[in-house]
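Trainee: sharing a model that was predicted from the sequence below.
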Amino acid sequence: MDTTSILAVLADHATAIDTSWTLLGAALVFFMQAGFCMVENGFTRSKNAGNIIMKNLMDFSLGTPLYWLVGFGIMFGGSGALIGGLDFMTNGGEGGYTTLIFQTVFCATAATIVSGAMAERTKFSAYCIYSLCISAVIYPISGHWIWGGGWLSQLGFHDFAGSTCVHMVGGVAALVGAAFLGPRIGKYDKNGKPKAIPGHSLTLGALGVFILWFCWFGFNGASTVAMTDGAYESASLVYVTTNLAAAVATVTTMCVTWVRYGKPDVSMTLNGSLAGLVAITAGTDMVSPLGAAIIGICAGFAVVFGIEFVEKVLKIDDPVGAVGVHGVNGALGTILTGLFSTSEGLLYGHGPRFLLIQCLGVVCVIAWVAVTMSIIFFVIKHTIGLRVSEEEEIRGLDLMEHGLSSAYADFMPIPTVNGFYKPDTQIAGTPASVEEAIPATEVPSTTQDGHKLSKVVVICRQSRLEVLRNALEEIGVAGLTVTNVLGCGVEKGVSEYYRGVEVNATLHPKTKVEMVVSRVPVETVVDTCRKVLYTGHIGDGKIFIYDVQNVIKIRTGAVGYDALQYEK
């Protein structure tokens with residue numbers, strides 16, 4: 001094989017490596033849809049979970065064909081200063097289908113960011129329309145300015161993987177949409193003070209954040225679109241700076257909330273992780289690890305105060321903090337690149353020009369998105385309507401928009417009941433066979449004098465159920481009914497915070513234990529319950545005592561005192 005042939009083979013292998021790397025990144029960026037879906041679901045109420053799933057599914061499914069039809073051409077179909085061109089049903093231009101799929105998943109990310117800020121009160125039809133507009137026009141035009149050879153690119157504006165191009169575009173659109181939409185019912189009191197509306201599952205929210213953090217290595221790392229000719233060194237740096245900024249932002253947010261709220265806020269800290277990832281995305285290839293860490297610190301502060309500003313000052317209801325995470329930190333990260341870029345940054349002695357270009361780009365993209373999305377939301381609001389009715393919002397969008405009684409259906413948790421049955425006791429709902437059945441003989445009442453029938457109901461912490469059960473068994477209580485319940489209210493003098501807002505009233509998981517006693521004195525039951533449940537902290541529970549007129553044992557017909565006696 002001659003030299004020319006060897007070089008051709010090597011070039012072909014290099015192309016294959018670069019293509020594989022980019023396609024792997026595209027797959028990871030696509031999986032970010034699952035992360036966004038989990039974060040949004042976890043930070044909102046369960047009655048809207050199915051609606052959120054549909055929105056995250058459809059913004060990708062609707063955006064993909066539309067971006068293929070027109071969006072990609074507008075973004076990359078020419079070298080005009082303001083707009084690319086028309087390339088209907090594109091094959092990806094010079095980059096081929098690899099570029100097409102890679103850019104498609106980035107477009108979908110910008111569209112899905114808006115969903116979180118407008119969650120729980122947006123019409124599904126309206127969501128589909130504005131999501132299409134973002135994918136077809138809004139994102140491609142500003143994307144052309146930055147990545148498609150447009151005027152910002154010609155000036156030297158740098159946004160490596162999309163702090164501005166993707167995240168800030170989504171964040172600004174989310175801000176405008178949430179402002180047009182108005183807050184959720186009950187979010188603000190009559191004086192305009194925000195009320196916390198906790199999400200139904202921090203577990204889902206955390207899962208979403210971990211998915212997004214993992215996929216961000218593809219979002220940023222694969223934006224090198226190559227692994228040959230030394231590009232692997234750049235990819236390695238991108239991985240380090242991406243991870244470092246996210247980690248430092250997480251720790252910073254935890255510390256800030258710990259100081260401000262008295263305890264480290266879980267949901268805000270999760271937002272801090274995403275804020276660090278968003279902020280580093282613009283300059284991840286241009287900053288040093290030290291610069292990445294400083295950007296992470298700035299992002300940690302910015303996400304806390306940004307979310308508080310949007311909620312408390314602007315009075316805009318953003319259930320998941322999308323504006324603070326993507327809008328504020330998308331802009332912040334892009335501007336900080338102008339300071340910390342080792343090759344062009346102001347702090348590295350390269351003058352203010354690059355920093356000013358970064359600021360100009362941020363301002364112009366904000367203006368573009370704010371104006372165009374305002375027009376779109378205005379038209380939607382005054383035609384088909386942007387917001388669901390009050391009844392639909394209260395009952396939940398799962399039921400009213402999709403006919404879905406619950407997104408969890410048969411997977412709702414069922415309480416485990418701890419009784420006093422022996423292992424060989426028949427406890428299932430199926431009747432015992434004739435041979436195994438105990439004859440059901442009518443037993444006349446032999447209730448003894450002095451044994452009053454009383455019902456005792458105990459509301460206590462779930463963690464204390466087992467010790468309570470054992471204590472009651474020791475004093476001779478023959479049976480319990482145990483139910484997992486929710487208790488309403490935060491007692492006076494106790495402050496609880498959710499995302500920096502004090503919770504005035506919420507529902508806490510509790511255990512409800514019911515028993516009817518006769519032979520065992522009520523005083524003994526009460527003393528036992530107080531002894532084992534007392535911790536001295538608010539939330540130990542309460543005991544309720546009722547008079548019972550009679551008790552009838554279904555199997556034997558025994559009544560009163562006899563119906564409560566355990567048969568050996």
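Mentor: Arrived safely, thanks for sending.

Trainee: pretty sure Asp265 is touching Val259, no?
Mentor: No - applying C-beta atoms under 8 Å, one finds Asp265 not in contact with Val259, separated by 10.8 Å. C-beta here means a position set from N, CA and C on the backbone, and glycine is covered the same way.

Trainee: was I right to think Ser343 contacts His350?
Mentor: Yes - counting by C-beta under 8 Å, Ser343 sits close enough to His350 to count as a contact (7.4 Å).

Trainee: looking at these two, which is more packed in?
Mentor: His350 (15 against 11; other C-beta atoms under 10 Å).

Trainee: part of a helix, is that one?
Mentor: No - membership of His350 in a helix is not supported by DSSP: H, G, I helix; E, B strand; the rest coil, which gives coil.

Trainee: relative to Gly361, how far out is it?
Mentor: 17 Å (C-beta to C-beta, to the nearest Å).

Trainee: on that earlier part again, so Asp265 and Val259 - more neighbours on which side?
Mentor: A count of neighbours by other C-beta under 10 Å puts Asp265 above the other of Asp265 and Val259, at 22 against 10.

Trainee: confidence score at the residue lying closest to that one once chain neighbours are set aside?
Mentor: Once flanking residues are discounted, Asp265 sits nearest to Thr257: 3.8 Å by C-beta to C-beta, 6 or more residues apart in numbering. The model reports Thr257 with a pLDDT of 96.

Trainee: I'd say Thr257 and Pro264 touch.
Mentor: Yes - using C-beta under 8 Å, Thr257 makes contact with Pro264 at a distance of 5.5 Å.

Trainee: out of those two, which sits in the more crowded spot?
Mentor: The neighbour count for Thr257 versus Pro264, taken as other C-beta under 10 Å, is higher for Thr257 (24 against 14).

Trainee: let me see the contact set for that one.
Mentor: Neighbouring residues of Thr257 by C-beta atoms under 8 Å, 6 or more residues apart in numbering: Lys263, Pro264, Asp265, Met268, Thr269, Val304, Gly500.

Trainee: state the distance from the closest residue to Val551 other than its chain neighbours to Val362.
Mentor: Closest residue to Val551 apart from its sequence neighbours, by C-beta to C-beta, 6+ apart: Ala563 at 4.3 Å. Using C-beta to C-beta, Ala563 is found at 76 Å from Val362.

Trainee: neighbour count winner among the two?
Mentor: Val362 (24 against 21).

Trainee: kindly indicate whether that one is helix, strand or coil.
Mentor: helix.

Trainee: Ser405 belongs to a helix?
Mentor: No - Ser405 sits outside any helix when classified using three-state DSSP, being coil.

Trainee: where's Val458, which helix or strand?
Mentor: Using DSSP states H and E, the element containing Val458 is strand 454-460.

Trainee: what's the answer for Cys107, then?
Mentor: Applying DSSP H and E as the criterion places Cys107 in helix 96-117.

Trainee: and the contacts of the helix or strand following that helix?
Mentor: Per DSSP H and E, helix 96-117 leads on to helix 124-133 as the next helix or strand towards the C-terminus. With contacts defined as C-beta under 8 Å, 6+ apart, helix 124-133 is touched by 51, 54-55, 58-59, 62-63, 66, 111, 114-115, 118, 173, 177, 373, 376-377, 380, 384-387, 397, 401-402.

Trainee: which PyMOL command selects the buried ones in these?
Mentor: Of the contacts of helix 124-133, the buried ones go into a single PyMOL selection, burial set by 16 or more other C-beta atoms under 10 Å:
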select buried, resi 51+54+55+58+59+62+63+66+111+114+115+118+173+177+373+376+377+380+386+387+397+401+402
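
Trainee: can you pull the pLDDT of Val485?
Mentor: 88.

Trainee: using the three-state scheme, assign the nearest residue to it once chain neighbours are set aside.
Mentor: Once flanking residues are discounted, Val485 sits nearest to Lys512: 4.6 Å by C-beta to C-beta, 6+ apart. Under three-state DSSP, the three-state class of Lys512 is strand.

Trainee: which residues does Lys512 form beta bridges with?
Mentor: Ile459, Thr483 (DSSP bridges).

Trainee: that one and Arg461 touch, don't they?
Mentor: No - counting by C-beta under 8 Å, Lys512 stays clear of Arg461, with 11.5 Å between them.

Trainee: that older thread, which SS state does the residue nearest to Val551 fall under?
Mentor: Going by three-state DSSP: Ala563 is helix.

Trainee: now Gly221: which helix or strand?
Mentor: Gly221 belongs to helix 202-221, assigned by DSSP H and E.

Trainee: name the residues of that helix that are buried.
Mentor: Quick answer for helix 202-221 (16+ other C-beta under 10 Å): 204-209, 211-213, 215-221.

Trainee: can you name the element that comes right after it?
Mentor: Next along the chain after helix 202-221, taking DSSP H and E as the criterion, comes helix 231-261.

Trainee: CSV for the contacts of Thr257, including pLDDT?
Mentor: What follows is these, written out as CSV (pLDDT from 0 to 100):
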residue, pLDDT
Lys263, 92
Pro264, 95
Asp265, 94
Met268, 96
Thr269, 97
Val304, 97
Gly500, 69
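
Trainee: mind putting these into a markdown table with distance to Gly283 and secondary structure?
Mentor: Formatted as a markdown table, those follow (distance: C-beta to C-beta, whole Å; DSSP: H, G, I helix; E, B strand; the rest coil):
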| residue | distance to Gly283 | secondary structure |
| --- | --- | --- |
| Lys263 | 33 | coil |
| Pro264 | 28 | coil |
| Asp265 | 28 | coil |
| Met268 | 24 | helix |
| Thr269 | 24 | helix |
| Val304 | 22 | helix |
| Gly500 | 28 | coil |
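
Trainee: how many residues are close by Arg469?
Mentor: 20.

Trainee: pLDDT value on it, please?
Mentor: For Arg469, the model assigns a pLDDT of 89.

Trainee: that's a strand at Phe88, yeah?
Mentor: No - Phe88 is assigned coil when assessed by three-state DSSP, not a strand.

Trainee: now do it against Ala111, distance only.
Mentor: On the measure of C-beta to C-beta, Phe88 and Ala111 end up 20 Å apart.

Trainee: one more: Val137?
Mentor: The value you get for Val137 to Ala111, if C-beta to C-beta is used, is 12 Å.

Trainee: where along this protein do the strands fall?
Mentor: Secondary structure of the chain (DSSP state E): strands at 454-460, 481-488, 497-498, 501-502, 507-517, 541-547.

Trainee: in its sheet, what does the last one sit against?
Mentor: Each strand that pairs with strand 541-547, with its direction, by DSSP bridges: strand 454-460 (antiparallel).

Trainee: extract the CA atoms of the strand it pairs with and return them as CSV.
Mentor: The C-alpha trace of strand 454-460 is given here as CSV (Å, rounded to 0.1, in the frame of the first residue of the first chain):
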residue,chain,number,x,y,z
SER,A,454,-63.4,3.2,74.1
LYS,A,455,-61.7,4.0,70.8
VAL,A,456,-58.2,5.5,70.9
VAL,A,457,-56.8,7.1,67.8
VAL,A,458,-53.1,8.1,67.7
ILE,A,459,-51.5,10.4,65.1
CYS,A,460,-47.7,10.0,65.3
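
Trainee: next, the angle strand 507-517 makes with it.
Mentor: 160 degrees (axes from the mean of the first three to the mean of the last three C-alpha atoms, to 10 degrees).

Trainee: tell me what angle strand 454-460 forms with strand 481-488.
Mentor: Using the same axes, to 10 degrees: strand 454-460 against strand 481-488 is 50 degrees.
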